[in-house]
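Enquirer: sequence first, then the predicted structure, then my questions.
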Protein chains: 2
Amino acid sequence: MPNQPETSTEAGDVVLRDEDGAIEAGFVARVTSAIEAEDAAALRRLVGDLHEADVGDLIEALDPELRPRLIALLGADFDFTALVEVDDAVREEILDELAPEAVAEGMRDLDSDDAVYILEDLPKDEQDEILEQLPSLDRRALERSLQYPENSAGRRMQSEYVAVPPSWTVGHTIDFLRENEELPERFFEIHVVDADYKLLGAVALDTLLRTRRPTLVADLMDAGRRRVRATDDLEEVARMFERYNLIAAPVVDDGDRLVGVVTVDDVVDVIEEEAEKDIKALGGVTGDEELSDSVWTIARGRFNWLLVNLATAFLASSVLGLFEGELEKMVALAVLAPIVASQGGNAATQTMTIAVRALATRELHDGNAARIVLREVLVGVVNGLAFAVITGVAAAAWFRTVDLGVVIGLAMICNLVAAALGGILVPLVIERFRLDPAVSSGVFVTTITDVVGFFSFLGIASLWFGLK
Amino acid sequence: MPNQPETSTEAGDVVLRDEDGAIEAGFVARVTSAIEAEDAAALRRLVGDLHEADVGDLIEALDPELRPRLIALLGADFDFTALVEVDDAVREEILDELAPEAVAEGMRDLDSDDAVYILEDLPKDEQDEILEQLPSLDRRALERSLQYPENSAGRRMQSEYVAVPPSWTVGHTIDFLRENEELPERFFEIHVVDADYKLLGAVALDTLLRTRRPTLVADLMDAGRRRVRATDDLEEVARMFERYNLIAAPVVDDGDRLVGVVTVDDVVDVIEEEAEKDIKALGGVTGDEELSDSVWTIARGRFNWLLVNLATAFLASSVLGLFEGELEKMVALAVLAPIVASQGGNAATQTMTIAVRALATRELHDGNAARIVLREVLVGVVNGLAFAVITGVAAAAWFRTVDLGVVIGLAMICNLVAAALGGILVPLVIERFRLDPAVSSGVFVTTITDVVGFFSFLGIASLWFGLK
């Protein structure tokens, strides 16, 4: 197996991916006709040797109706690992179409972490049905993983690992690796455990390779090797991998016994998902929206956020309503008010983006919060002054009224300072309540800048022009 | 070395990090007093055994003035790798304070990728001064890396690798690893090269370990091993690592000769940076803003974005200005207009966020763009209808005018469809021009929803009420 090419970027004479990395339309068309002609041999030639990630992307590029048919036609040649690579919605649709026996059969050859990943989103009864068909050893490992909370290290760990006693020598360990047929498909370190499977340490493979045969594993192992508890949150695990540049980490249970391994490829996915979730949350989209979701699912998912925003927009407009008299007497105020609000909203979003992200990466914490708040307020003052001048001059020129320029300038300073305070304090307070600042900061912050923007502009105008 | 604990979370009896993972204030205080007392022994006890990532975070937590003094006091016990872990601004400040000889001395023990990382941001003359002090072999490797473009694989690769000829056996290779003192600090695979250093393939260390001594490396190697060109963009490299779950990849030059290795820990940083850049860009902050920047740097960086937004806010307000007569006659229009604009802005941001992210991860491409555009428009219609009813009823109730409800409802449908179209088409068009959609989509999109929001609401009102 190892000397088989992992994949080439070409399958036959067809290019697999275009220059942007998307699956080439011509390739999708050839696969589609092979499926429609039920030509298993042609399909196997096209897809059989592809990397599972390529198969996953191909499945997503196919017409939904053809996806289960591809799997059925490939039969034993279909690597179920490809299902780990597709969107949740796509996977669930496919699994619904396949018989539980076929799924169980396909899952036999999976690494335990991939099997758990596929199983965890299925309804309990389908899970049980599939688990029943698996050999008892595999089943127990999967059941154990599924008992750990969602997004915990125990869920994403691989239950296959290599463990040796500390009394073994390097030579003994290498002989063991050469003779054992049941090793994990890939591994990056050897774990050292006592008779109760308590983790004593780990040896990186390069260390093992550069050490002579008689050396004891006990003398070679890194006893301080960072370990992960099975119940640890995956985001914390990801931070640890990132901070210490880890490739793999042993997972232990409450009794410090080795139960699995988390590898960096899973962590890369967690980091990507976490950033994705933050980006979406800041944009007002729920984290589980996927590109393959239906119009209805998406519209419903986005509705809630828009509804909350509508309420805050009415709140802001009610501030305008307080000044109906002023607006009637001087319509220029109605024309200019949105400028003050919008500029505040944008400045607040800048501050909030930095705050949310710095909280997520733990760069912003109690130790430096006061300094960062002060800094943001100063930035608000500096840019407030700058935009007071610019906006003031522009407004005065537009409406040929110097006083209007002074009023909008003063309001601009107020609102950019409010924007700075809101943009930094709101995420900090939300984080303090152990909620996710990425999700809800935006509503509060733009409400603040809309209300302060309208109120300061119209309030100052009312005082300045004596419009009552 | 391998059996030394990498770090414990405690140094002496002081806890290093608090529960959020930030460096504990008490620990910073102890380090601070050791530096101020110039007590090198105490400092060494506190910091000497820490992991470089912990030292990096500690440096950032220290008063800027103490940072170079910590390095000077630790002398040869300071691991320069820690400087890779700190913000660019912090690193530059520290390097400015240290003598070039001290920097060159500290860089001798660095992996080449870390050395390049530290060197690349320095002015050319300081780079040369440091390079001159290095042994010629190290210097040539660094100079070669620095010649590759910024953000290329060649810049971030490690020039140290293990390469063997295909004619060697497993046994010969293992003996070589045991006897060679000059191996990289960490490695994950053995590369197989011909006499000209052309890359023939790679052997994962676990494969090497489970194979018997007489087997030829040529028979064991993965000849299709994914490779990276030194000139490849790091973002493309990161996508490849992520897609195919790689741990390391060989880097080759234009002649297919092996020049280095890129490892997953660097790729994790690239993925994090890339997501960070997108998040910041969507929030209107330049990608290189760092938490340690000064008020002035930050204010200037954010000014440009706010200036562009101010221009678009004036543009939107000029639409309001077109309807001065209507606003004067019916001040309710001035109060309600921002609601239509804001709801459109939020809906457009949702669509744009999804589009920008899907373009970055290559999930959105020519093959599915038409389908996604259609889907977004349909989502716009569905939510447009929903919010037409909700807003219409609320506005009619507020101002006790059914007609006002009808007008704002119709405007809401127009603007949410415009929001959907703008939110998806603007990023697609920007991407087509090979620009970064995360950076500039926001301005265009909210300009569209402000203008369409004001124009549709006041235009429909003008027609409906005959306000001319």
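Expert: That came through fine. Numbers count the residues shown, from 1 in each chain, chains lettered A, B, ... in the order given.
Enquirer: so what are the domain limits for chain A?
Expert: A:10-148, A:163-282, A:295-465 (automatic domain parsing).
Enquirer: deepest of those domains, which one?
Expert: domain A:295-465 (a mean of 21; mean count of other C-beta atoms under 10 Å in any protein chain shown). C-betas here are computed from N, CA, C, even on glycine.
Enquirer: distance between the ends of that one?
Expert: 51 Å (C-alpha to C-alpha, to the nearest Å).
Enquirer: make a markdown table out of the domains of chain A and add mean pLDDT and distance to chain B.
Expert: Formatted as a markdown table, those follow (pLDDT from 0 to 100; distance: least, C-beta to the nearest C-beta, whole Å):
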| stretch | mean pLDDT | distance to chain B |
| --- | --- | --- |
| domain A:10-148 | 85 | 4 |
| domain A:163-282 | 92 | 2 |
| domain A:295-465 | 92 | 3 |
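Enquirer: out of the ones you listed, nearest to residue B:240?
Expert: Closest to residue B:240 of those, according to C-beta to C-beta: domain A:10-148, at 8.6 Å.
Enquirer: chain center to the closest one, what's the gap?
Expert: Offset of domain A:10-148 from its chain centre (C-alpha atoms, centre = their mean, to the nearest Å): 22 Å.
Enquirer: quick one: residue A:117 is in a helix?
Expert: Yes - assessed with DSSP: H, G, I helix; E, B strand; the rest coil, residue A:117 lies in a helix.
Enquirer: pretty sure it contacts residue A:156?
Expert: Yes - assessed by C-beta atoms under 8 Å, residue A:117 is found in contact with residue A:156 at 7.4 Å.
Enquirer: all helices for the stretch 301-450 of chain A, in order.
Expert: Secondary structure of the stretch 301-450 of chain A (DSSP state H, counting those that start in this stretch): helices at A:324-329, A:331-360, A:366-399, A:402-432, A:437-465.
Enquirer: okay, the angle between the second one and helix A:366-399?
Expert: An angle of 160 degrees separates the directions of helix A:331-360 and helix A:366-399 when computed by axes from the mean of the first three to the mean of the last three C-alpha atoms, to 10 degrees.
Enquirer: got the angle for helix A:331-360 vs helix A:437-465?
Expert: Using the same axes, to 10 degrees: helix A:331-360 against helix A:437-465 is 150 degrees.
Enquirer: ok, the third one next?
Expert: With the same axes, to 10 degrees applied, the angle from helix A:366-399 to helix A:437-465 works out at 40 degrees.
Enquirer: other SSEs contacting helix A:366-399?
Expert: Applying 3 or more C-beta pairs under 8 Å, 6 or more residues apart in numbering or on different chains; DSSP states H and E, one finds that helix A:366-399 makes contact with helix A:331-360, helix A:402-432, helix B:25-36, helix B:295-322.
Enquirer: nearest to residue A:182, out of these?
Expert: Short answer: helix A:331-360, nearest of those by C-beta to C-beta, at 40.3 Å.
Enquirer: sec struct for the residue nearest the centre of chain A, please.
Expert: Nearest to the geometric centre of chain A sits residue A:273, at 1.3 Å (C-alpha atoms, centre = their mean). State at residue A:273, reduced to three classes by three-state DSSP: helix.
Enquirer: got phi/psi on the nearest residue to residue A:366 once chain neighbours are set aside?
Expert: Counting by C-beta to C-beta, 6 or more residues apart in numbering or on different chains, residue A:366 lies nearest to residue B:22, which is 7.2 Å off, once chain neighbours are set aside. When read as degrees, to the nearest 10, the backbone of residue B:22 gives phi -80, psi 150.
Enquirer: how close does residue B:22 get to residue B:298?
Expert: Taking C-beta to C-beta, to the nearest Å as the measure, residue B:22 falls 21 Å from residue B:298.
Enquirer: still on that earlier bit, in contact with the residue nearest to residue A:366, which residues?
Expert: A:362, A:365-367, B:57, B:61 (C-beta atoms under 8 Å, 6 or more residues apart in numbering or on different chains).
Enquirer: can you put these in a markdown table and add distance to residue A:15?
Expert: A markdown table is the format used below for the contacts of residue B:22 (distance: C-beta to C-beta, whole Å):
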| residue | distance to residue A:15 |
| --- | --- |
| A:362 | 43 |
| A:365 | 49 |
| A:366 | 54 |
| A:367 | 53 |
| B:57 | 46 |
| B:61 | 51 |
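Enquirer: and the two most separated of the residues you listed?
Expert: A:366 and B:57 (14.4 Å).
Enquirer: state the helix or strand in which residue A:201 lies.
Expert: strand A:199-204 (DSSP states H and E).
Enquirer: correct me, but residue A:34 touches residue A:58?
Expert: No - judged on C-beta under 8 Å, residue A:34 makes no contact with residue A:58 at a distance of 11.6 Å.
Enquirer: can you show me the strands along the stretch 51-200 of chain A?
Expert: Applying DSSP state E, counting those that start in this stretch to the stretch 51-200 of chain A gives strands spanning A:163-164, A:189-193, A:199-204.
Enquirer: what is the second one packed up against?
Expert: Helices and strands touching strand A:189-193, as assessed by 3+ C-beta pairs under 8 Å, 6+ apart, comprise strand A:163-164, strand A:199-204, helix A:205-209, helix A:217-220, strand A:258-263.
Enquirer: residue A:116 - nearest residue in space that isn't next to it in sequence?
Expert: Going by C-beta to C-beta, 6+ apart, residue A:116 has residue A:145 as its nearest residue, at 4.5 Å.
Enquirer: residue contacts, the one you found?
Expert: Contacts of residue A:145 by C-beta under 8 Å, 6+ apart are A:112-113, A:116, A:154-155, A:157, A:159, A:260.
Enquirer: do residue A:416 as well
Expert: A:343-344, A:347, A:380-381, A:383-384, A:387.
Enquirer: farthest pair in those?
Expert: A:343 and A:381 (14.4 Å).
Enquirer: of the helices of the stretch 301-450 of chain A, which is nearest residue B:168?
Expert: Comparison of the helices of the stretch 301-450 of chain A against residue B:168 by C-beta to C-beta identifies helix A:331-360 as nearest, at 47.3 Å.
Enquirer: look up how far residue A:139 lies from residue A:182.
Expert: Relative to residue A:139, residue A:182 is positioned 17 Å away (C-beta to C-beta).
Enquirer: try residue A:168
Expert: 30 Å.
Enquirer: from residue A:187, how far out is the closest residue to residue A:194 other than its chain neighbours?
Expert: Nearest residue to residue A:194 in three dimensions, chain neighbours excluded: residue A:200, at 6.0 Å (C-beta to C-beta, 6+ apart). From residue A:200 over to residue A:187 the distance is 17 Å, taken as C-beta to C-beta.
Enquirer: cool, residue A:156 as well?
Expert: From residue A:156 over to residue A:187 (counting by C-beta to C-beta), the distance is 16 Å.
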